[in-house]
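In: With the sequence up front, the predicted model follows.
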Amino acid sequence: MKTPIYIAIAAGALLLDQATKLWADSHTLGWSMPVIGDLLRFTLVYNEGAAFSMNPQSLAPWLSPTLFFGILTAIACIGAIYFFRELHKQDYLSRLGIVLIIAGALGNFCDRLRIGKVVDFIDVDFPDFIFQRWPTFNLADSWVTIGICLLFIGSYWAKKQVSAKS
């Protein structure tokens, strides 16, 4: 795939993330709507921290959270773009993974710029799992997770192809 296709995928993922968050944020705080019984609900919550509501900005309390996460997002995106450019052009899965990770990072940062926190609304229950309910998340979080999985799969696939040629 050519770079413009990856840019279009990233833009589409970012737009879908922002559209769903604007929809969720247009409702009253704390609303909850069943989608698939109690297994999947849409529940509006705001996250001022990082993943799983961690608070890494306490490492640099003199920075505003928006600036702190902006710096982290910029570093992550620059590193991801560098990594993307170093990947073999035929490593489509890893390249797609990087694109989704960038889209997810930018999606959550857009929330921080817009309202100072991240909009989460996907509320899933995994019966008898570690948590009573899984922490609420959004599409940007999903893009990052899917991207990381694609990186692992792409890396495994690339190693398999190299060992098959040996």
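Out: Sure thing, it's come through. Not measured: the values here are computed from a predicted model.

In: what's near enough to touch Ala11?
Out: Ala103 (Cβ atoms under 8 Å, 6 or more residues apart in numbering). C-beta: built from backbone N, CA, C; applies to glycine.

In: pLDDT of the host helix or strand of it, averaged?
Out: Assigned by DSSP states H and E, Ala11 belongs to helix 3-25. Helix 3-25 comes out with an average pLDDT of 96.

In: How many neighbouring residues does Gln161 have?
Out: Using other Cβ atoms under 10 Å, Gln161 has 12 other residues around it.

In: list the contacts for it?
Out: Not one residue lies near Gln161 by Cβ under 8 Å, 6+ apart.

In: can you tell me which helix or strand it belongs to?
Out: helix 139-165.

In: Repeat that for Ile122.
Out: Element membership for Ile122 (DSSP H and E) is strand 118-124.

In: tell me which residues in that strand are buried?
Out: 118-124 (16 or more other Cβ atoms under 10 Å).

In: Now do that strand: which elements does it pack against?
Out: Applying 3 or more Cβ pairs under 8 Å, 6 or more residues apart in numbering; DSSP states H and E, one finds that strand 118-124 contacts helix 3-25, strand 40-47, helix 92-115, helix 139-165.

In: Contacts only, for the residue lying closest to Leu100 once chain neighbours are set aside.
Out: Nearest non-adjacent residue to Leu100, counting by Cβ to Cβ, 6 or more residues apart in numbering: Gly147, 3.5 Å away. For Gly147, the contact set (Cβ under 8 Å, 6+ apart) comprises 96-101, 104.
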